[in-house]
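K.L.:
The amino acid sequence is not available; the structure is as follows:
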């Protein structure tokens, strides 16, 4: 793991942890926060980090846009494939986040 | 604003910034005053809105019933914003203050209804909740159900979010306008950063955009989601995917080969291929999601991409072609079921569009017509300001063609489809961000340049770097700060903003008499859902009705207004409705509500007396019985 930055590791671990707690269930306000994080914010952030974005505002916009667009694509595809459940979406978005973190880790290790 | 110092890090488009936050310095009294003024404005607006009684009694909507403290709050907020915007020689107030004031404006303008009642306004948000609910309970997507199931992207997203978060769908719908406008402003803030390096102008664009948003398209809908994604695409086209074209040779006496050579001569503004490729991938993903989520927005995206590419200001030359392929594939496959019965451009034409979008809407009670006129006036005022701003920029040689294209091209949609008489509203929405940008050239006349070429000459195309040039170096501005409005200009700006806010509240909440529902009406709708057996029909007097948020696929839903169209008289309409109800398999439930009646009366489709007669006749027919009633609604069960 040498050369891999701490934010990448934290992001990947957060995706695993929050996916699990979202699937297990939390009290309503916490469940909403965890679900939004694991479905939109974490994947959006992980995917945005694959690009050399240095502007904070552009980065924030990309986090939201990528998170929402990816979740829409995943959910729609699952409906068409008749495999949709919100739990499956949580798992898929968690996997996407982890894969993006792995790709980022490879980028960092190569530098 | 913060005080960033641009540190050149190689790229011409994007630079790494060492931000020295202004927060390190002491807060100025002016900034503290602005924050407090924002807080007081919010308290006044929320307090005043929470005293409004529902149902709203006036055909002018909220503007007639909001008590004066609300307007004091709005005035104070606009004054505070202009004071913060004027700032000092170093630029406007710090970013935190400006963000806070924009947040308060969004809450005041777009959260007003949520402070009045805990029931979402209008019908469509309820229906959209029902579609998401139906999707989550269905196996797969049946495109033969209705148009929504041909563009299910947004509803798939909504079903997932509601399922995973466990949030109350009604609460989500209630606060959707605030959330949606927040998303729009994030994208608009980035987009504006690529168009101007003047931080005052950037904040004012956000402000004017909010003040011009009378269209009421920010409710829980594919349109609101699609508009956010549209702004994201435009931001990427103006930013990481932007190109710099050589001097245009002109059309007169120029051969096609010269034009082609000019177009091929453009160079990318962003120097890092990694960011360009990443932005292209994001753009394609977002365009695909837009195609899957909304009928209209993909066409607007295609028009905008094509216009910007042809102008030589977008680097990926095949982007319009790829967008056409994505859109066509979606129309030919997942949306084919809908298109077979509804071919595109079937009702195209300027005359039909004008009748459906303007003439048909200018009917009804005096108050309702006044509200519609206010919407038209507000739109025309903003367009006039934009035109004047464009002329001013052009005379000074700093007109950005991209902004003009993005403001004007939505008009191409107008004659293409009636869109239920709402096309002009959508055109106005898609143009608004860029109309706001142009209007700011008049509202905030400065000597700063907005030309990308001039920006490049300054060595900065990055939004934050703009801030660096625009506000971060006091020494550069103390002697001359041409961007800072004079006291008189600031006063005029505050007054203009306040008047725009009054017009927007009038236009936006002008239908409150019939699109703000009472608890009794919601109780009646719940009773309808209980009383209507699966397979039966539900008949309401008119739109809007807060129905179909559950059991979307179990009932046929019709309105008396739709069934009888031009003649709601008892003699003509009564038998039509009765026959439909009696012949519906499983029977029917007829819902007559105060809001539906108000809708028909306000829009001139019927009279209260005529509707009372119709109800009296209907209730006297065989097989019709009153099953539920309260102060605002009656529910009749019709046995087959």
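P.N.:
Cool, the structure landed. It should be emphasised that the depicted structure is a prediction, and the values quoted were computed from it without experimental measurement.

K.L.:
who in chain A is up against chain B?
P.N.:
A:22, A:28, A:31-32, A:35-36, A:39, A:50-58, A:60-62, A:64-66, A:68-73, A:75-76, A:78-80, A:82, A:84-87, A:89-90 (C-beta under 8 Å from any C-beta of the partner chain). (Glycine included, C-beta is placed from N, CA and C.)

K.L.:
Quick check: the residue of the stretch 301-450 of chain B nearest chain A.
P.N.:
Per C-beta to the nearest C-beta, residue B:334 is where the stretch 301-450 of chain B lies closest to chain A, at 7.6 Å.

K.L.:
which residues does residue 84 contact?
P.N.:
All of this refers to chain A. Residue A:84 makes contacts with A:75, A:78, B:135, B:136, B:156, B:159, B:160, as judged by C-beta atoms under 8 Å, 6 or more residues apart in numbering or on different chains.

K.L.:
wait, chain B
P.N.:
Residue B:84 neighbours (C-beta under 8 Å, 6+ apart): B:30, B:31, B:34, B:92, B:93, B:97, B:98, B:101.

K.L.:
Local confidence estimate at the residue of the stretch 301-450 of chain B closest to chain A?
P.N.:
Per-residue pLDDT puts residue B:334 at 94.

K.L.:
Also the one 5 residues further on?
P.N.:
Confidence per residue is given as pLDDT, and for residue B:339 that number is 84.

K.L.:
and if you look at residue B:415?
P.N.:
Listed pLDDT for residue B:415 reads 80.

K.L.:
Next: the one 4 residues further on.
P.N.:
With respect to pLDDT, residue B:419 scores 76.

K.L.:
count of residues packed around it?
P.N.:
Close neighbours of residue B:419, defined as other C-beta atoms under 10 Å in any protein chain shown, add up to 19.

K.L.:
Next step: the contacts of residue B:84 restricted to helices.
P.N.:
B:30, B:31, B:34, B:97, B:98, B:101 (DSSP state H).

K.L.:
Just the closest of these to chain A, please.
P.N.:
Using C-beta to the nearest C-beta, the ones in helices among the contacts of residue B:84 come closest to chain A at residue B:98, 12.9 Å.

K.L.:
Show me how chain B divides into domains.
P.N.:
Under automatic domain parsing, the residue ranges defining each domain of chain B are B:3-121+B:168-220+B:345-513, B:123-167+B:221-336, B:517-638.

K.L.:
And those: which comes nearest residue A:107?
P.N.:
Taking C-beta to C-beta as the criterion, domain B:123-167+B:221-336 is the member of the domains of chain B that comes nearest to residue A:107, at 9.6 Å.

K.L.:
returning to that earlier point: out of the contacts of residue B:84, flag the one nearest to residue A:100.
P.N.:
residue B:98 (32.6 Å).

K.L.:
Show me where chain A dips below the pLDDT cut-off.
P.N.:
A:1-2 (pLDDT under 70).

K.L.:
Tell me which residue lies nearest the centroid of it.
P.N.:
By C-alpha atoms, centre = their mean, chain A has its centre lying nearest to residue A:43, at 1.9 Å.

K.L.:
And that one, how close does it get to chain B?
P.N.:
The gap separating residue A:43 from chain B is 12 Å, by C-beta to the nearest C-beta, to the nearest Å.
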